[in-house]
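*Asks:* Need the 3D shape of this:
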Amino acid sequence: MNSEIRLLVLAFVGWALVTKVWSKPDPNHWSFHEVAERSVPDLGEKNGIDGFLLQRLKEEGLSFSKRAEPVNLLRRIFLDLTGLPPTPDEIDSFEKSWKEDASEAYNSAVERLLVSPRYGERWGQHWLDAVRFAETHGFEVNTPRPNAWPYRDYVIRAFNEDLPYDQFVFEQLAGDTVSKDAATGFLVTAAALLRGQVGKDDESIKRARQDELNEIVINTSATFLGLTVHCARCHDHKFDAISQKDYHRMQAIFGGVRYGNRPLRDDSEKREEEIRSLDMQIALVEQGLKKMGVRLPVSPLLNTESFAPILARYLRFTIRKTNGVEPCIDELEVWSSGEKSTNVALASNGVVASSSGDYQDPSKHRLEYINDGKYGNGRSWIASETQGGWVILDFGKPILINRVTWGRDRKGVYKDRLPIDYVIEVAADKGAWQEVAGSKGRLMSLDPSKLGGAQRSAVLDHQSLSEARRRLDGKKMIFGGVFQKPPPMHLLNRGDVTQPKEEVSPGIPEVFGSLKMSSATSDVDRRKGLARWIASPKNPLTARVMVNRVWHLHFGAGLVNTPSDFGGMGGKPSHPGLLDWLAVRFVKDGWSIKNLHRLILSSKAYQQSGRPNSLGMEKDANNRLLWRFQPRRLEAEAIRDSILQVSGSLDLKMGGPGFSFFEPNTNYVRVYNPKEEFGPLEWRRMIYGHRVRMEQDGVFGAFDRPDAGLICSKRTQSTTPLQSLNLFNSRFVEQQSEIFSKRLVAEAGEKVNGQIVLAFQYCFGRVPTAEEVSKGLDFVNQHGLSQFCRVLFNTNEFLFLP
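*Replies:* Model prediction:
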């Protein structure tokens with residue numbers, strides 16, 4: 001045997017040993033056993049967590065570190081639970097309470113944070129990581145998924161309301177059966193090929209369908225069960241007792257689920273209120289632009305014309321010129337003046353429309369569609385002439401109005417037939433027309449980069465508001481799956497759709513029992529049956545997996561260091577007894593995630609200092625035994641949100657369509673160019689940013705933010721030059737540093753000493769030392785206050801969980 005063959009044989013043997021290819025998967029794997037009641041080691045600790053941890057520490061000759069300093073503890077729980085730092089006033093109040101009763105002060109602070117709406121935004125983001133939530137479809141074209149955001153909002157609400165975890169599980173698998181439509185967004189969070197991206201031949205369509213079903217199996221098994229069931233797609237699982245037949249039976253549970261949109265049953269009054277609010281904001285932005293000498297070009301999506309309140313019975317819209325042939329308007333809306341502005345132009349209110357002449361295409365374009373309350377080219381009016389055509393609305397009586405909105409196609413498909421020169425007139429009596437608005441002064445085109453700073457910011461605000469308004473138009477939808485009768489499902493030889501074998505009934509891996517379903521079981525009953533099994537207290541995995549996720553997020557590492565893999569290739573628990581004890585208590589506490597937080601945060605383990613010591617580093621350098629709290633850098637979202645909060649810019653508006661980190665783009669194959677300029681509408685929390693799959697924003701994506709391509713059960717922690725460059729040189733940080741410096745001057749006065757002290761309090765929660773003040777003075781005098789603020793945003797003390 002020559003040396004090359006010998007090396008190949010040795011390499012194969014080594015690989016075989018490492019991957020256990022000769023060992024049969026263990027059906028008695030530790031995580032497959034029912035969760036057992038565990039007794040807390042009797043070491044005099046009030047919190048059972050500390051009893052389990054201290055037992056292991058003592059075995060290694062270690063102990064807990066001393067308690068962390070009060071301010072560090074407060075910053076820790078603020079950043080951990082809400083992703084935002086405490087304000088100087090909150091710190092001052094906490095320190096006073098701490099002196100009176102430290103435990104009461106700490107516990108009260110924890111309770112306040114758990115009821116804060118900011119909590120759900122922080123912990124909702126962790127969940128969205130685990131399920132790879134994004135608002136684009138992925139793959140080459142990566143087109144937007146505009147109706148995905150209701151699932152994001154559902155997750156945030158679920159955490160804020162402390163929805164019992166078993167119910168949380170059920171609703172995400174079968175929420176449509178309990179009027180929780182947004183919850184089933186979970187089923188279809190992964191990337192998907194759209195029609196037109198798949199070959200028209202039968203085999204290509206079937207392969208794409210198999211990929212869709214596989215993604216649903218991945219999400220469900222990894223997120224809730226911590227299992228890699230999808231590894232049995234083509235053959236029996238190499239490391240877990242899951243057969244290929246088990247995989248296809250689990251896939252059959254979702255045989256009736258298709259990727260797609262369906263109507264979202266929601267509070268229509270709330271949506272109308274959001275629309276009114278956006279319209280008012282758009283009008284204010286346009287008024288501001290007009291004062292700055294800028295009138296935006298006519299948009300095919302939405303145009304707003306505001307004017308002083310005027311009493312009118314009639315309104316006439318006359319088109320003088322278009323960008324092509326006969327003009328088209330999909331909806332003409334007229335808004336009443338006052339706090340609760342409403343569209344008074346609707347035909348359902350008795351308003352009568354007349355015109356100069358109508359284009360002959362009654363299937364799509366009719367006069368009655370001009371004010372029917374529905375949008376899109378398929379419900380629009382077209383004038384019979386290219387120039388001079390008009391439409392008149394008769395309200396039946398004089399009404400006080402101050403605004404008109406209209407569009408060519410609110411759905412964003414068509415841009416032709418656009419009126420670009422028009423006039424709007426009103427009259428109390430027919431014939432006495434008075435011009436109130438029109439296209440006069442509007443630009444023909446607009447390049448924001450050529451505008452001044454204030455003008456550019458206002459234009460960007462207008463674009464974001466208009467996009468948010470467009471998304472709210474029409475019936476609200478959820479990208480939450482479309483459900484139908486499941487077709488027959490088959491075991492596929494080597495996972496190949498062209499080689500079907502025997503039919504399989506829906507079910508779970510045999511090692512866990514049976515759901516007793518047949519091929520005749522309906523889609524609803526399949527999903528409900530699976531949800532009940534996963535959410536059962538007797539399920540050996542569900543509670544273990546969730547408590548481990550929460551533990552991992554609090555301490556930086558789970559008791560099992562592979563949060564989404566509790567199988568044969570996953571990590572073994574560092575403290576098996578503690579894991580089971582937490583799981584049992586979690587279920588007994590009504591599956592309350594907030595109670596789990598309370599338990600963990602009240603432990604000595606969580607409250608200890610993060611400072612290292614020589615003995616601990618020698619015996620447990622990785623801190624698996626938790627002899628100290630593990631400091632770690634904040635995630636991208638927490639860094640960005642903290643900068644916005646400290647500068648005073650953070651917009652705490654919750655829910656609804658998000659803002660974009662990217663320049664507008666309508667190419668078939670999307671090109672996502674990160675924005676460099678951001679205005680107030682983009683100063684919301686980062687969780688509300690439109691999540692683009694496989695793309696990162698220009699600044700904070702470098703901080704290991706997942707790209708939603710794969711499930712992310714734990715984020716990596718890299719250190720790269722790009723992170724430093726982005727955080728120091730980006731326009732966003734430069735802008736917020738300038739805003740922060742103005743805040744310091746406004747609140748601390750003109751004395752630089754006071755500004756430096758306040759800056760430290762906002763950024764670090766403490767007063768600077770005399771040396772820090774002295775060096776800060778030198779720096780500010782030489783480089784300016786905004787540059788000093790920029791330096792503080794780049795310090796480890798600001799960026800790390802203490």
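*Asks:* contacts and neighbour counts: CA atoms only from here.
*Replies:* Fine.
*Asks:* quick one: the helices in the stretch 201-350 of the chain?
*Replies:* Here the stretch 201-350 of the chain has its helices, by DSSP state H, counting those that start in this stretch, at 202-220, 244-253, 268-291.
*Asks:* In terms of mean pLDDT, which of those ranks lowest?
*Replies:* Ranked by mean pLDDT, the helices of the stretch 201-350 of the chain end with helix 268-291 at the bottom, a mean of 77.
*Asks:* which of the helices of the stretch 201-350 of the chain is buried the deepest?
*Replies:* Counting by mean count of other Cα atoms under 10 Å, helix 244-253 has the highest mean neighbour count of the helices of the stretch 201-350 of the chain, with a mean of 27.
*Asks:* helices or strands up against that helix?
*Replies:* On a contact count with 3 or more Cα pairs under 8 Å, 6 or more residues apart in numbering; DSSP states H and E, helix 244-253 meets helix 202-220, strand 489-492, strand 500-504, helix 523-534.
*Asks:* which ones are touching the closest residue to residue 557 other than its chain neighbours?
*Replies:* Distances taken as Cα to Cα, 6 or more residues apart in numbering place residue 551 nearest to residue 557, at 7.3 Å, with adjacent residues excluded. Neighbouring residues of residue 551 by Cα atoms under 8 Å, 6 or more residues apart in numbering: 557, 558, 559, 600.
*Asks:* Relative to residue 438, which of the helices and strands packed on helix 244-253 is closest?
*Replies:* helix 202-220 (49.2 Å; Cα to Cα).
*Asks:* The closest one - contacts with which helices or strands?
*Replies:* helix 244-253.
*Asks:* Dump the helix it packs on to PDB, restricted to CA.
*Replies:* The C-alpha coordinates for helix 244-253 follow below in PDB (Å, rounded to 0.1, in the frame of the first residue of the first chain):
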ATOM      1  CA  GLN A 244     -36.200   9.000   6.800                       C
ATOM      2  CA  LYS A 245     -39.800   7.800   7.100                       C
ATOM      3  CA  ASP A 246     -40.000   9.900  10.300                       C
ATOM      4  CA  TYR A 247     -38.900  12.900   8.400                       C
ATOM      5  CA  HIS A 248     -41.500  12.500   5.600                       C
ATOM      6  CA  ARG A 249     -44.300  11.800   8.100                       C
ATOM      7  CA  MET A 250     -43.400  15.100   9.900                       C
ATOM      8  CA  GLN A 251     -43.300  16.800   6.500                       C
ATOM      9  CA  ALA A 252     -46.800  15.400   5.800                       C
ATOM     10  CA  ILE A 253     -48.200  17.300   8.800                       C
END
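*Asks:* who's in contact with it?
*Replies:* Against helix 244-253 from outside (Cα under 8 Å, 6+ apart): 213-214, 216-217, 229-230, 232-237, 486, 489-492, 504-510, 523, 526-527, 530.
*Asks:* next one: stretch 191-206
*Replies:* Counting by Cα under 8 Å, 6+ apart, 136, 137, 138, 139, 208, 212, 259, 497, 498, 693, 709 sit against stretch 191-206.
*Asks:* and if we set it to 6 Å?
*Replies:* Stretch 191-206 has contacts (Cα atoms under 6 Å, 6 or more residues apart in numbering) with 137, 138.
*Asks:* can you tell me the distance between the two ends of that stretch?
*Replies:* In stretch 191-206, first residue to last residue: 16 Å (Cα to Cα, to the nearest Å).
*Asks:* ok, back up a step: closest one to residue 410 among the helices and strands packed on helix 244-253?
*Replies:* helix 202-220 (30.5 Å).
*Asks:* For the closest one, what is the distance to the chain centroid?
*Replies:* Relative to its chain's centre, helix 202-220 lies at 24 Å (Cα atoms, centre = their mean, to the nearest Å).
*Asks:* now the helices of the stretch 201-350 of the chain in a markdown table, with distance to residue 403?
*Replies:* Shown next, in a markdown table, are these (distance: least, Cα to Cα, whole Å):
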| stretch | distance to residue 403 |
| --- | --- |
| helix 202-220 | 46 |
| helix 244-253 | 52 |
| helix 268-291 | 8 |
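*Asks:* Which of the ones you listed sits closest to residue 312?
*Replies:* Nearest to residue 312, of those and by Cα to Cα, is helix 268-291 at 19.8 Å.
*Asks:* re earlier: isn't there a helix covering the residue nearest to residue 557?
*Replies:* Yes. The assignment for residue 551 (DSSP: H, G, I helix; E, B strand; the rest coil) places it in a helix.
*Asks:* do you know how far it is from residue 283?
*Replies:* Residue 551 is 48 Å from residue 283, by Cα to Cα.
*Asks:* what do you get for residue 131?
*Replies:* Relative to residue 283, and taking Cα to Cα, residue 131 is found at 38 Å.
*Asks:* still on that earlier bit, can you list the helices and strands packed on helix 244-253 in CSV and add distance to residue 80?
*Replies:* Below are the helices and strands packed on helix 244-253 laid out as CSV (distance: least, Cα to Cα, whole Å):
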stretch, distance to residue 80
helix 202-220, 25
strand 489-492, 45
strand 500-504, 46
helix 523-534, 28
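*Asks:* Of all the ones you listed, which one is nearest residue 682?
*Replies:* Taking the helices and strands packed on helix 244-253 one by one with Cα to Cα, helix 202-220 is closest: 30.2 Å.
*Asks:* If you compare the directions of the closest one and helix 523-534, what angle comes out?
*Replies:* 30 degrees (axes from the mean of the first three to the mean of the last three Cα atoms, to 10 degrees).
*Asks:* which SSE is the closest residue to residue 694 other than its chain neighbours in?
*Replies:* Nearest residue to residue 694 in three dimensions, chain neighbours excluded: residue 707, at 4.7 Å (Cα to Cα, 6+ apart). Here residue 707, judged by DSSP states H and E, is contained in no helix and no strand.
*Asks:* ok so residue 405 is a strand residue?
*Replies:* Yes. Assessed with three-state DSSP, residue 405 lies in a strand.
*Asks:* bridging residues for it?
*Replies:* residue 304, residue 333 (DSSP bridges).
*Asks:* distance of it from residue 289?
*Replies:* Distance from residue 405 to residue 289, by Cα to Cα: 17 Å.
*Asks:* Please apply the same query to residue 223.
*Replies:* Distance from residue 223 to residue 289, by Cα to Cα: 48 Å.
*Asks:* any idea which helix or strand of this protein has the worst average confidence?
*Replies:* In the chain, the helix or strand scored least confidently by mean pLDDT, DSSP states H and E is helix 3-19, which has a mean of 57.
*Asks:* C-terminal to that helix, what's the next element?
*Replies:* Helix 3-19 is succeeded, C-terminally, by helix 48-59 (DSSP H and E).
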